[in-house]
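1. What follows is a predicted protein model with its sequence.
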Amino acid sequence: MMGVEDGKMSSSGSGFSPVYPEPNLAVVSIGFLLESKEKAVIWRGARKSALIQEFITKVDWNKLDFLIVDGESPFC
């Protein structure tokens, strides 16, 4: 949807750095953390909630006007 299927998040001293498909658009995805897109991954319950919380609190978002969380993507 964002054109960043092959994006990779990098780690920084304060957390993760998101992928920027546009200068003013930052994206994070569980798919960016997987080694292979061919393997099935099921994220639910406490594990899914913890990762969403980590994406909100440990990503270098800079200044945000909007934060959209999609928990229904194929990687969630």
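-> Good, I have the coordinates.
2. Only the buried residues of stretch 19-28, if you could.
-> Across stretch 19-28, burial judged by 16 or more other CB atoms under 10 Å covers 19, 26-28. For glycine as for every other residue, the C-beta is placed from the backbone atoms N, C-alpha and C.
3. That one - what's its average pLDDT?
-> Averaged across stretch 19-28, pLDDT comes to 88.
4. repeat for stretch 53-71
-> Mean predicted lDDT for stretch 53-71 stands at 84.
5. Which of the residues in that stretch are classified as buried?
-> The neighbour-count check on stretch 53-71 (16+ other CB under 10 Å) flags 55, 59, 61 as buried.
6. Just the residues contacting it, thanks.
-> If you take CB atoms under 8 Å, 6 or more residues apart in numbering as the criterion, stretch 53-71 is touched by 12, 14-18, 26, 28, 48, 52, 76.
7. surely Val28 meets Lys8?
-> No - using CB atoms under 8 Å, Val28 is not in contact with Lys8; the gap is 11.0 Å.
8. For these two, list the residues in contact with both.
-> Val19.
9. if I look at Lys48, how far off is Met9?
-> 17 Å (CB to CB, to the nearest Å).
10. Repeat that for Ala40.
-> Counting by CB to CB, the gap from Ala40 to Met9 is 21 Å.
11. Looking at these two now, which is surrounded by more residues?
-> Met9 (18 against 5; other CB atoms under 10 Å).
12. At which residues are the helices of the chain located?
-> For the chain, applying DSSP state H gives helices covering 45-57.
13. just to revisit the earlier point, could I get the contacts of stretch 53-71 in TSV, plus columns for distance to Ser36?
-> Listed next are those as TSV, based on distance: CB to CB, whole Å:
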residue	distance to Ser36
Ser12	24
Ser14	28
Gly15	24
Phe16	20
Ser17	22
Pro18	21
Ala26	24
Val28	19
Lys48	20
Ile52	22
Cys76	17
